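J.: need the 3D shape of this:
(chains A and B)
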Amino acid sequence: MLAIETVKLTKDYKVGFFQTRSRRALDSLDLRVEAGEVFGLLGPNGAGKTTTLKLLFRLVFPTSGSARILGRELDDRSVHQRVGYLPENPYFYDHLTAEELLNYTGRLFGIEKHALRGRVNQLLEKVGLSEPRHVALRKFSKGMVQRVGIAQALINDPDVVFLDEPMSGLDPLGRREVRDLVLQLKAEGKTVFFSTHILSDAETLCDRVAILNRGKLEGCGELREILRLGVSATELVLENPSEQLLDELRPYVISMVRTGDRVRLEIREESDIPVALELALRHKIRVASLNPVKKSLEDYFLAHVGANAVVGGQRLANR
Amino acid sequence: MRWSVGSAWLTASHEQLVTVLPMHRIATIALGAFKESVRERVLYNLIVFAFLMIAAAILLGSISVGVEEFILVNFGLGAIAVFGLLMAIFIGIGLVSKEIERRTIYNILAKPVSRAEFILGKYAGLLLTLIINTAIMTAGFYVALAIVHKGLIGADISLLVAIYFILLQLAIVIGIAILFSCLSSPVLSAVLTFSVFIIGNVSGEIRRFGELSHSPVLEKVTSFLYYVLPNFGNLNVITDVAHQVAVPGFLIVANTCYALLYIAVLASAAVLIFERREFR
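T.: Sure thing, here's the model as predicted:
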């Protein structure tokens, strides 16, 4: 059974003062997410990632198309009993403490009182909020709110976990911990569907990814397949090369970047590598490293989404 | 924090999830809304008010000769109604719109909670808050009466009917506030709810004005307003009880049925609108 399936899912938003015009936020999205996989929904800001999640939780309604979670239609509310959701930049009742929020959420799921107490304790410990459990959420930092958000998304031990930009607001340590959590959930056979615009997170975690841009699916597939591990070029780093050597190497390289004493050369053809190495040896220049440059998700993203896409606050073309 | 694999809670799984009845979820949301009101210190303001009432009663008792009881009843019940009304409007309009504005609604509706359960839970939570507020103010009012009378007399108990009618009014006002807050912004909701309350208090007079105008159109319009808008005039017996006029039993039954019916209509309309609302 598929964990998540969308068929030609489309959403138009009414815009303008009189709401007469419409803007397409999602255009005929076809997705099939298998049970037990970690699936990443990637795309620049405004690509339609959050709209997809809102459609799946019926916070907005589709203009056309359909979707199912765990084989059930979205209007079947019982499916929510088996899913967990962390919204983007979550905001919870800030008059509650972390413990109270988890208790409240657990009661909405109908978790039995005794079991809930134990689960709340364990979750608070897991997200590192055991100590400030009695502090009102209004006094929490953004990272702490994100942690309590993750805990509430897991309160019902869901089969499918939806995480909308889960790394948002977390420090490097917190991001690492969330990455570990996602891998742990995968090891337990759960399906994790998360949206992100941080490509390195997706590259580390996902079995498969879908790339959205301006509401359209630009590509979808196994990460292995997308990256294909094809060697696009070879990187040669030389220490203190002379200008003469660099001039001789110029016809064989795509790019040449100097950093301190070192010069990083990107060699186009595999057949040129022996020539470049021979030249370096002849000039008695030390070779610091020689590495194949693998295709990255970023390359794929650039190719499919275009150089104008904004990723992680930086224009890809400038990176 | 450390995410250990295979911990007990993860294996505990769905067996511990009991079948949840809608009433259970409504009650959870209601208690959450009540807790929010309590933490926003609204109740404490009212306790201060209750003490002010006692002080005012003692003052009035000392400066009014002969009519102190009439003034105290009018003043006290009027204050309970006005304070309750202000709370019903200002908390009521924020109950739904604040959830949308702060996006707390995303998280709630992603749980196994229907939109109808959410609205009904919020309604019940505010009603509970107002019942407790009114109870506190009533206690303050009765302390004031006891000070003036040097103890309570039998007639004082009949004042509870007026307070019960105030609660019925508040229950309708919450319904109106929630309905408008599903439709529009908090400020507009407050203006509209207050307007309906005012018109609802004078709907009898408006209808009589239509009859006297001899204009068939105006007569129809005023008659329509009289039947459609809540008739708060019938729920106001403060002057009667202040004059120690007994409230007939059938009026208590009729007003109760009227309020329940009106609340049911308002809640159904709010749910219907909310079911169609999108959270962009």
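J.: after the helix or strand harbouring A:Glu278, next one along is what?
T.: Under DSSP states H and E, the secondary-structure element containing A:Glu278 is helix A:273-282. Going down the chain from helix A:273-282, the next helix or strand is strand A:286-294, by DSSP H and E.
J.: export that following strand as PDB, just CAs?
T.: Output in PDB follows, covering the C-alpha atoms of strand A:286-294 (Å, rounded to 0.1, in the frame of the first residue of the first chain):
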ATOM      1  CA  ARG A 286      53.400  18.900  -5.000                       C
ATOM      2  CA  VAL A 287      49.900  17.400  -5.700                       C
ATOM      3  CA  ALA A 288      47.800  17.900  -2.600                       C
ATOM      4  CA  SER A 289      44.800  15.900  -3.900                       C
ATOM      5  CA  LEU A 290      43.200  14.300  -6.900                       C
ATOM      6  CA  ASN A 291      39.500  13.600  -6.500                       C
ATOM      7  CA  PRO A 292      36.500  12.800  -8.800                       C
ATOM      8  CA  VAL A 293      33.800  15.500  -8.600                       C
ATOM      9  CA  LYS A 294      30.500  13.800  -8.200                       C
END
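J.: give me the sheet partners of that strand and which way each runs.
T.: The strands beside strand A:286-294 in its sheet (DSSP bridges) come out as strand A:231-239 (antiparallel).
J.: relative orientation of the strand it pairs with and helix A:273-282 in degrees?
T.: Angle of strand A:231-239 versus helix A:273-282, following axes from the mean of the first three to the mean of the last three Cα atoms, to 10 degrees, is 0 degrees.
J.: ok now strand A:231-239, how far from the chain's centre?
T.: 28 Å (Cα atoms, centre = their mean, to the nearest Å).
J.: ok, back up a step: pull out the buried residues from the helix holding A:Glu278.
T.: A:Ile273, A:Ala276, A:Leu279, A:Ala280 (16 or more other Cβ atoms under 10 Å in any protein chain shown). (C-beta placed from N, C-alpha, C; glycine too.)
J.: let me see the contact set for the second one.
T.: Yep, that's A:Ala276 we're talking about. With contact set as Cβ atoms under 8 Å, 6 or more residues apart in numbering or on different chains, A:Ala276 has these partners: A:Leu236, A:Leu249, A:Tyr252, A:Val253, A:Leu265, A:Ile267.
J.: these in strands, which ones?
T.: Counting by DSSP state E, the contacts of A:Ala276 place A:Leu236, A:Val253, A:Leu265, A:Ile267 in strands.
J.: near chain A, anything from the helix or strand harbouring B:Leu128?
T.: For B:Leu128, the host element (DSSP H and E) is helix B:115-149. No. Residues of helix B:115-149 contacting chain A under Cβ under 8 Å from any Cβ of the partner chain: none, with a closest distance of 9.1 Å.
J.: list the helices and strands that helix packs on?
T.: Identification of packing neighbours for helix B:115-149 by 3 or more Cβ pairs under 8 Å, 6 or more residues apart in numbering or on different chains; DSSP states H and E yields helix B:22-39, helix B:42-63, helix B:68-102, helix B:104-109, helix B:154-183, helix B:249-276.
J.: which of those has the lowest average pLDDT?
T.: Ranked by mean pLDDT, those bottom out at helix B:42-63, with a mean of 73.
J.: how far does stretch B:256-275 sit from its chain's centre?
T.: On the basis of Cα atoms, centre = their mean, stretch B:256-275 sits 13 Å off its chain's mean C-alpha point.
J.: how about that stretch: buried residues?
T.: Residues of stretch B:256-275 classed as buried by neighbour count (16+ other Cβ under 10 Å): B:Tyr258, B:Ala259, B:Tyr262, B:Ile263, B:Leu266, B:Ala267, B:Ala269, B:Ala270, B:Val271, B:Ile273, B:Phe274.
J.: also stretch B:189-197?
T.: In stretch B:189-197, counting by 16+ other Cβ under 10 Å, buried: B:Ser189, B:Ala190, B:Leu192, B:Thr193, B:Phe194, B:Val196, B:Phe197.
J.: now, these that are in helices?
T.: The helices, defined by DSSP state H, take in B:Ser189, B:Ala190, B:Leu192, B:Thr193, B:Phe194, B:Val196, B:Phe197 from these.
J.: okay if I get these as JSON lines plus distance to B:His149 and pLDDT?
T.: Shown next, in JSON lines, are these (distance: Cβ to Cβ, whole Å; pLDDT from 0 to 100):
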{"residue": "B:Ser189", "distance to B:His149": "42", "pLDDT": "90"}
{"residue": "B:Ala190", "distance to B:His149": "38", "pLDDT": "91"}
{"residue": "B:Leu192", "distance to B:His149": "42", "pLDDT": "93"}
{"residue": "B:Thr193", "distance to B:His149": "37", "pLDDT": "93"}
{"residue": "B:Phe194", "distance to B:His149": "35", "pLDDT": "92"}
{"residue": "B:Val196", "distance to B:His149": "37", "pLDDT": "93"}
{"residue": "B:Phe197", "distance to B:His149": "32", "pLDDT": "92"}
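J.: which one of the residues you listed is nearest B:Ala110?
T.: Nearest to B:Ala110 out of these is B:Ser189 (Cβ to Cβ; 25.2 Å).
J.: contacts only, for the closest one.
T.: Under the contact definition (Cβ under 8 Å, 6+ apart), the residues listed for B:Ser189 are B:Ile93, B:Ser97, B:Ala177, B:Phe180, B:Ser181, B:Leu183.
J.: 7 Å - rerun?
T.: Residues counted as contacts of B:Ser189 (Cβ atoms under 7 Å, 6 or more residues apart in numbering or on different chains) are B:Ile93, B:Ser97, B:Ala177, B:Phe180, B:Ser181.
J.: where's it relative to B:Val96, distance?
T.: Noted for B:Ser189: a distance of 9 Å to B:Val96, by Cβ to Cβ, to the nearest Å.
J.: what residues do those two have in common as contacts?
T.: Joint contacts of B:Ser189 and B:Val96 (Cβ under 7 Å, 6+ apart) are B:Ser181.
J.: what does the stretch 51-200 of chain A have sitting close to chain B?
T.: A:54, A:57, A:59-61, A:77-78, A:80-81, A:85, A:87, A:90-93, A:95, A:104-105, A:107-112, A:115, A:118-119, A:122-123, A:126-128, A:156-157, A:177, A:180-181, A:184, A:187-188 (Cβ under 7 Å from any Cβ of the partner chain).
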